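Trainee: A predicted structure for the sequence below; I have some questions about it.
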Amino acid sequence: MEEIQLQEKRYRGKALEKAEQEGVYFMNILFFLTPKSDVMYLEENDTVEQGIGKLQRCGYTAVPLISREGTYIGTVTEGDFLRLMISGQLEHASALRTMPMRDLARKTQIDAVKISCQMEDAIEMAMKQNFVPVVDDKETFIGIITRKDLLNHMYCFYKKEHSSKARVVFQTPIYS
């Protein structure tokens with residue numbers, strides 16, 4: 001059995017090497033993953049007051065919401081907090097201290113991608129939002145892929161591929 005696995009690794013290695021020689025490059029979702037330990041997120045049992053404070057301190061406009069078990073629930077945006085404030089649902093500001101994040105209405109449901117998803121799916125989602133939540137096969141939140149990281153990688157790849165063929169100049173258009 002080990003010999004078969006070793007042969008398979010050699011075959012894959014040769015196939016990847018040949019693909020790269022032909023100008024085919026593979027992107028894997030793990031390459032872009034910012035792990036959960038490096039991501040600011042809210043937990044379902046946090047109070048709305050705590051959620052507002054965390055969002056304010058980190059400076060982000062949206063963050064993942066995670067269950068007690070570690071599964072991805074959704075994404076909370078500063079707009080969700082704003083809608084709560086102006087909706088009139090809160091009789092007193094003190095309600096923010098007791099209302100759990102899981103009860104905060106979210107306007108948009110942002111789905112997570114599985115770690116085994118196609119890169120095209122993750123890129124398509126990143127075109128619509130700043131980050132893409134990533135879960136494992138058990139729906140456990142494991143991190144995010146940021147649009148910034150994807151764009152940076154693609155830009156560096158583009159520069160490398162075109163550096164000898166053409167020079168790219170970024171210029172501000174002149175309007176008259």
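Mentor: Right, received. Where do you want to start?

Trainee: the helix or strand of the chain with the lowest mean pLDDT: what's the following helix or strand?
Mentor: Across the helices and strands of the chain, mean confidence by mean pLDDT, DSSP states H and E is lowest for helix 2-21: a mean of 55. As assigned by DSSP states H and E, the chain's next helix or strand after helix 2-21 is helix 29-32.

Trainee: model confidence over that following helix, on average?
Mentor: Here helix 29-32 scores 84 as its mean pLDDT.

Trainee: list the buried ones in it?
Mentor: Buried positions in helix 29-32, judged by neighbour count with 16 or more other C-beta atoms under 10 Å: I29, F32. The way it works is simple: take the backbone N, C-alpha and C, and place the C-beta from them, glycine included.

Trainee: how about residues contacting the very next helix or strand once past that helix?
Mentor: Downstream of helix 29-32, the next assigned helix or strand under DSSP H and E is strand 34-35. Applying C-beta atoms under 8 Å, 6 or more residues apart in numbering, the external contacts of strand 34-35 come out as I142, G143, I144, I145, T146, D149.

Trainee: what do you get if the cut-off is 10 Å, keeping everything else the same?
Mentor: F131, V134, I142, G143, I144, I145, T146, D149 (C-beta atoms under 10 Å, 6 or more residues apart in numbering).

Trainee: swap in stretch 84-103?
Mentor: When contacts are defined by C-beta under 10 Å, 6+ apart, stretch 84-103 is touched by residues 42-54, 65-68, 73-74, 76, 80-81, 83, 104-105.

Trainee: residue closest to the middle of this structure?
Mentor: Nearest to the geometric centre of the chain sits V132, at 2.7 Å (C-alpha atoms, centre = their mean).

Trainee: what about it, is that helix, strand or coil?
Mentor: The assignment at V132 comes out as strand when based on DSSP: H, G, I helix; E, B strand; the rest coil.

Trainee: quick one, what contacts it?
Mentor: 29, 32-33, 75, 110-113, 117, 121-126, 143-147, 150.

Trainee: tabulate the contacts of strand 34-35 (TSV), appending pLDDT, secondary structure and distance to Y158.
Mentor: Listed next are the contacts of strand 34-35 as TSV, based on pLDDT from 0 to 100; DSSP: H, G, I helix; E, B strand; the rest coil; distance: C-beta to C-beta, whole Å:
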residue	pLDDT	secondary structure	distance to Y158
F131	94	strand	22
V134	95	strand	24
I142	96	strand	29
G143	96	strand	25
I144	95	strand	23
I145	92	strand	19
T146	91	strand	18
D149	87	helix	15
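
Trainee: no further questions, thank you.
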